[in-house]
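Undergrad: pasted the sequence and its predicted model underneath.
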Amino acid sequence: MKRHRTVLALTLFIILAAPTTSIPATAAPAATTVVEALDRAAHPLRSVEPGGDTGDLRSLDRMIGDARVVGLGEATHGSHDFFALKDRVFRHLVEAKGFRTFALEAPWSTGARLNDYVLYGKGDPRRIMREEFQRDYLGWNNTDYLRLVEWMRAYNIRHPADPVRFMGDDIAWTGPELYDAVEAYVAGTRPELSARLAELYRGLRPTVQTGAYIEQYLRLPYAERKERAERTGEALRLLERQAPGADREAYVRSVQQARVIDQTARQYAFDVEDPAEIAAAMRYRDGAMAANVVWWQRHTGTKVLLSAHNNHVGYVPEEPVENPKVQGAFLREGIGAGYVSVGLTFDHGSFNATGLDDEDVRRWTLGPADPGSNERTLDRVRYRDHLLDLRSVRAPAADWLRQARPTRSIGTAYPDGPHDIALARSYDILIHLHQVEASRLRDR
């Protein structure tokens, strides 16, 4: 999630291209011609809610093309419309484009628990979400994601031979299940190494839930956090040095689980008193999330819809000093054109977030976008909600889209932003919503 408070936190549409003749000197002012160009490129979005006809998403299919990973962003971490749209888009991509994985900006071990539910019916998704989505992940414990997870389970009951999957790519927490899995693998294949592995993992296996664990870790002295990362790194190398053996799949999975444990420890092994170290921690986190998505996509062979904040699915960081390189840039490096980024914007509405100096989640409401912002112009397009292939928009909007201007980008806490963002430099595709409303949080 954007600004992690752990601090460690279409292409085809151009068939209908505009005339190639130049705009005369007597044309209307630039702002009007930009809107006209956006009008010609925009595709209407019928609804954000899942269910019903999805013909309006066929333009998105063409924009996505053959991408193996599609990053679908959000301009807040607490608006129902963004979460509902992700549910709708994922269901459509499963049916129309063969996507089979929903990836969430949530811990790897959290994704593993939810994946066990959607694949095998193991556990209660309500309890899993309550236990896992705490502190910085609290916004994910909403009714929209519960509906999505339950739909995924129902889909798998109907399609047991070709199931959908759930993954988490983040690293602020690694649950006890992963420690148990790595230790069980070593005990079953190289029991003589079990004592050494237990020594390296000493005191790391969580005994409390997500939120309390993160709080406790943040209070540890810097030297102790570094020492823990040294031990998890040695445990990872211990596994990597072993031969795969007869069950290569089990070996590869165990190494990845040990890698995720190490990623969590390393995320906290930065000096939070040093601004340069904080920036390095943010870069590390985005790089690790991208690496986890690439590993999953290659290991499972499935197409992935990645849900994260706009600042993580895009290519250009909104605050380069604080967060020098973001997940979308890492993914483009890792899989090239196999990755496509979709940003989301909105004109006005509400969202859930904490204040800057407290942990109390409350509803915030914003009025129409300010003059000079990206959203102000986007909301003048003829469709209330619409999609744009930013790679194919014609002049003069093409140049307008490549210029940075104020844009709403809100993380777990508010006030936040606006930030100067050049839409066409950050995303391949954009979905603009006229109005959003706060998500419906569970257990609150």
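TA: Yes, it's here. Numbering: from 1, shown residues only.

Undergrad: per-residue pLDDT, residue 6?
TA: With respect to pLDDT, residue 6 scores 42.

Undergrad: also residue 357?
TA: 88.

Undergrad: can we start the residue count at 25 from this point?
TA: Shifting the count to begin at 25 puts that one at residue 381.

Undergrad: name the SS class of it, please.
TA: Assigned by DSSP: H, G, I helix; E, B strand; the rest coil, the conformation of residue 381 is coil.

Undergrad: what count of nearby residues applies to it?
TA: 6 (other Cβ atoms under 10 Å). Using the backbone N, CA and C atoms, a C-beta is placed for each residue, glycine as well.

Undergrad: got it, and residue 201?
TA: By other Cβ under 10 Å, 16 other residues sit near residue 201.

Undergrad: mind telling me what element it is part of?
TA: Secondary structure from DSSP states H and E places residue 201 in helix 200-213.

Undergrad: show me what that helix is packed up against.
TA: With contacts taken as 3 or more Cβ pairs under 8 Å, 6 or more residues apart in numbering; DSSP states H and E, helix 200-213 sits against helix 132-144, helix 218-224, helix 246-264, helix 272-291.

Undergrad: now mean neighbour count too, for the ones you listed, in CSV please.
TA: Shown next, in CSV, are the helices and strands packed on helix 200-213 (neighbours: other Cβ atoms under 10 Å):
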stretch, mean neighbour count
helix 132-144, 21
helix 218-224, 15
helix 246-264, 17
helix 272-291, 21
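
Undergrad: tabulate the ones you listed (TSV), appending mean pLDDT.
TA: Shown next, in TSV, are the helices and strands packed on helix 200-213 (pLDDT from 0 to 100):
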stretch	mean pLDDT
helix 132-144	98
helix 218-224	98
helix 246-264	98
helix 272-291	98
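
Undergrad: so where do the strands sit in the chain?
TA: If DSSP state E is used as the criterion, the strands of the chain fall at 67-68, 93-96, 123-131, 189-194, 327-331, 363-377, 386-390, 410-413, 429-431, 443-445, 453-460.

Undergrad: could you identify which of the ones you listed is most buried?
TA: Mean neighbours per residue, mean count of other Cβ atoms under 10 Å, is largest over those for strand 93-96, with a mean of 28.

Undergrad: what lines up beside that strand in the sheet?
TA: Partners of strand 93-96 in the sheet, by DSSP bridges, are strand 327-331 (parallel), strand 363-377 (parallel).

Undergrad: hmm, who's touching that strand?
TA: 88, 109-110, 113, 117, 123, 317-318, 321, 327-332, 336-338, 351-352, 355, 359, 362-366, 368 (Cβ atoms under 8 Å, 6 or more residues apart in numbering).

Undergrad: spatially central residue for the chain, please.
TA: Closest to where the C-alpha atoms of the chain average out (Cα atoms, centre = their mean) is residue 332, at 2.0 Å.

Undergrad: let me see the contact set for that one.
TA: For residue 332, the contacting residues are 25, 95, 96, 97, 98, 128, 129, 313, 351, by Cβ under 8 Å, 6+ apart.
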